[in-house]
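**Q** Attaching a predicted model along with its sequence, questions to come.
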Amino acid sequence: MDIVNLCFNHAVEYANKRIVAIWGECKNAYILQEKLQEIGFRTVIMDGDEVKVDEINILSPFLCDDYYYLIPIPFYNEIRNAIRKAKKIRKMDYYCPYDDVVIENQNYYEDSRGNKVYGNRKGLQLLFYGNNSIIVIKECNRRRSCTVEIYSNCILNIDEEVEMRKGTRFIMTDNTVLHISKNVLLYNDNRILLQPNSKIDIGEGTTIGRCSNVYSDSDTEISINNDCMFSWDVSIKSSNGHKLVINGEPKSRLTNITIGQHVWLGMGVTVLGDSCIGDGSIVGAKSFVKGVFGSKKLIVGVPAKEIDENVEWERNIE
């Protein structure tokens, strides 16, 4: 059972006529609020570590009997502790599905829903929304204010010497696999999203510039090989979006993407599904790539075309 339904069922059983206070402005909180309001509950969504409604502390001993508390995301430990300090009883007065931690220390985490983390998770906000997912984090990673939202039956592998800068966000829906090889650098505000049954592999030594998006749609794979260099605002998406019919013939919406070794994508490049870019190629800024391109090609334009060959490039700027 997912987090929304767990929280919903507890509120229905125990909240009675109390106002339901939901902590965390996130998708699950709004879904939960809508479900509760549909059956007549009064609700309020609390932002961050906020404890006040109209300047009144709803955790004060005089008011907490008027509220039932839900914490559907895992990192509001201070709120949970404050509720406990107010002598509230789990299930009867509040529900936090993350009270079900079995083991938690610096290098290992396990909960009763089968989710496990191996390695030091410092700098990561891990939001487990499902069951039986595994995260493996190798040593010497550098992370600052990064978020991982992970659903059921997922595998996330982060190898040695990976650096993820502030605002990096992974969203892994059911049955997905994300592998980040060693020495990868993800600049600020990157987003990696995997839809059900998809896979993304980022090769060793690859760098991805800020505000870029890598999106694998359902049942597709994105393979980014070693030593690639992506500028900022790059978009890689293994889907054509909506259903497409040309001359009466439906086109596949979901297709894979392969980017070879030592490929340079310029600022604002878009790569769509059913694309393959050969080793050593360069794609010019703002180009729109869809199709198969050979190795060491210079690729530019909308739509992108090969305009030169036998190109070479280096990371170092002399």
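**A** The structure has been received and is ready for your questions. Numbers count the residues shown, from 1 in each chain.

**Q** contacts and neighbour counts: CA atoms only from here.
**A** Will do.

**Q** Quick check: nearest residue in space to residue 308, chain neighbours excluded?
**A** Closest residue to residue 308 apart from its sequence neighbours, by C-alpha to C-alpha, 6 or more residues apart in numbering: residue 298 at 5.0 Å.

**Q** looking at it, the one you found is touching residue 304, isn't it?
**A** No - between residue 298 and residue 304 there is no contact under C-alpha atoms under 8 Å: 9.7 Å.

**Q** picking up where we left off before, could you count how many residues lie near the residue nearest to residue 308?
**A** If you count neighbours by other C-alpha atoms under 10 Å, residue 298 ends up with 22.

**Q** Over to residue 30?
**A** There are 16 residues near residue 30, going by other C-alpha under 10 Å.

**Q** Just confirm it is within a strand.
**A** No - assessed with DSSP: H, G, I helix; E, B strand; the rest coil, residue 30 is helix; it does not lie in a strand.

**Q** how near is it to residue 236?
**A** Relative to residue 236, residue 30 is positioned 29 Å away (criterion: C-alpha to C-alpha, to the nearest Å).

**Q** The helix or strand containing residue 34 - what's its average pLDDT?
**A** Taking DSSP states H and E as the definition, one finds residue 34 inside helix 27-38. Per-residue pLDDT over helix 27-38 has a mean of 90.

**Q** Tell me how far stretch 105-117 lies from the chain's centre.
**A** Offset of stretch 105-117 from its chain centre (C-alpha atoms, centre = their mean, to the nearest Å): 18 Å.

**Q** which of the residues in that stretch are buried?
**A** Of all the residues in stretch 105-117, those buried under the rule 16 or more other C-alpha atoms under 10 Å are 109-111, 113, 115-117.

**Q** Would you mark the buried spots in the helix holding residue 34?
**A** So for helix 27-38, counting by 16+ other C-alpha under 10 Å, buried means 28-30, 32-33, 36.

**Q** For the buried residues of stretch 105-117, which two are the farthest from each other?
**A** Spatial extent of those (C-alpha to C-alpha) is set by the pair 113 and 117 at 12.5 Å.

**Q** Low-confidence ranges, this protein, go.
**A** Scanning the chain for pLDDT under 70 picks out 1, 48-50, 53-56, 58-64, 74-78, 87, 90, 98-102, 252-254, 317-318.

**Q** any idea how it splits into domains?
**A** 3-99, 106-309 (automatic domain parsing).

**Q** At which residues are the helices of the stretch 51-200 of the chain located?
**A** Using DSSP state H, counting those that start in this stretch, the helices found in the stretch 51-200 of the chain span residues 77-85.

**Q** Okay, residue 240 and residue 314: tell me how far apart.
**A** 32 Å.

**Q** Which of these two has more residues huddled nearby?
**A** Set side by side, residue 240 and residue 314 show more neighbours around residue 240, with 17 against 10, by other C-alpha under 10 Å.

**Q** for the more buried one, phi and psi?
**A** phi -90, psi 10 (degrees, to the nearest 10).

**Q** any idea how far residue 240 is from residue 156?
**A** 26 Å.

**Q** Also residue 188?
**A** 20 Å.

**Q** My guess is residue 113 contacts residue 131. True?
**A** Yes - using C-alpha under 8 Å, residue 113 is in contact with residue 131, at 5.1 Å.

**Q** Which residues are in contact with each of the two?
**A** Counting by C-alpha atoms under 8 Å, 6 or more residues apart in numbering, residue 113 and residue 131 have no common neighbour.

**Q** Residue 57 is in contact with residue 51, isn't it?
**A** Yes - Residue 57 lies in contact with residue 51 (C-alpha under 8 Å); the separation is 5.5 Å.

**Q** Give me the more crowded residue out of the two.
**A** residue 51 (17 against 14).
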